[in-house]
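Chemist: Prediction below, plus the sequence it came from.
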Amino acid sequence: MVHQINISKRNLVLLVLIVAGVVMVFLTGCTSQQSLQEAAKGSTKHGWSIYKKGEYDEAIGYFNQAIKLDSDFSEAYYGLGWAYFKTQRYDEALENFNRAISLDPNLADAYDGCGWVFYKQGDYVRAINEFNESIKRDPTLAYAYDGRGWTYFKTQRYDEALENFNRAISLDPDFADAYDGRGWVFYKQSDYARALNEFNEAIKLDPTLAYAYDGRGWTYFKTGKYDLSIVDFNQAIKLRPHFPDAQKGLQHALSKPVSWD
């Protein structure tokens, strides 16, 4: 009697990676440490591939497997940190970013990750420190300027926020989140025409960016275009169902007289 064995695609790939490492030892005579390091790189590479598809829980499995294969592989730790960050497991994210830094003190991406964790936790002083460390190690890392920009924005240091968003865009002209940041700065400064331009650009670059629809919704609301604000608040809520700021904006807009001409 033949028994059917169900193996998930992820587990099968992990198994192949491990077997490949063992076979390499047998066939080439390489040390087991070298072979495991190669297998860890393969697992990490696949983890990043899955991560970019938004499959963060799956990515966590690959990064953890890489760490089991090579416990000193810094890239696997900061990959695991970002995957935990995306699933809002901030303490675990920070733990892995710090482990990556302990293995590679010049790893700018890991400092950037620490900065974003502190930003999410509302610890803006430590967030700024981490973004500064990231930028010191890699002055071309657009994400770190974007993070520092948002942190300055949260602390109402709008000129410094704008400076950092501008720097992020100069490094990556297609960086939707930085355009969104510039939009919010202009909104806070009551420069609604420029805010609208920035939100439009952010949405053009990333039509799934809920915060940009929210920002544009508020900009339309402030300029009396309640019909357009309703459309944008609804879109923001569609993209991010639990979005208090957009829900608040929608309630305000619906209370106003609307012309759908």
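Modeler: Sure, I can see it. Residues are numbered from 1 along each chain as shown.

Chemist: Does Asp174 fall in a helix, a strand, or a coil region?
Modeler: Following DSSP: H, G, I helix; E, B strand; the rest coil, we place Asp174 in the coil state.

Chemist: Does it touch Leu205 like I think?
Modeler: Yes - assessed by CB atoms under 8 Å, Asp174 is found in contact with Leu205 at 5.5 Å. C-beta coordinates here come from the backbone N, C-alpha and C atoms, glycine included.

Chemist: residues in contact with the helix or strand where His252 lies?
Modeler: In this structure, His252 sits in helix 244-254 according to DSSP states H and E. The contact list for helix 244-254 (CB atoms under 8 Å, 6 or more residues apart in numbering) reads 210, 213-214, 217-218, 221, 226, 229-230, 233-234, 236-237, 240.

Chemist: and of these, the nearest to Glu95?
Modeler: Glu95 has its nearest neighbour among the contacts of helix 244-254 in Arg240, at 27.1 Å by CB to CB.

Chemist: any low-confidence regions in the protein?
Modeler: Where the chain drops to pLDDT under 70, the residues are 1-31, 258-261.

Chemist: ranges for the helices of it?
Modeler: For the chain, helices defined by DSSP state H occupy the ranges 9-28, 32-52, 56-69, 74-86, 90-103, 108-120, 124-137, 142-154, 158-171, 176-188, 192-205, 210-222, 226-239, 244-254.

Chemist: In TSV: those, plus mean neighbour count.
Modeler: As requested, the helices of the chain are exported to TSV (neighbours: other CB atoms under 10 Å):
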stretch	mean neighbour count
helix 9-28	14
helix 32-52	19
helix 56-69	22
helix 74-86	25
helix 90-103	19
helix 108-120	25
helix 124-137	19
helix 142-154	25
helix 158-171	19
helix 176-188	24
helix 192-205	19
helix 210-222	25
helix 226-239	20
helix 244-254	17
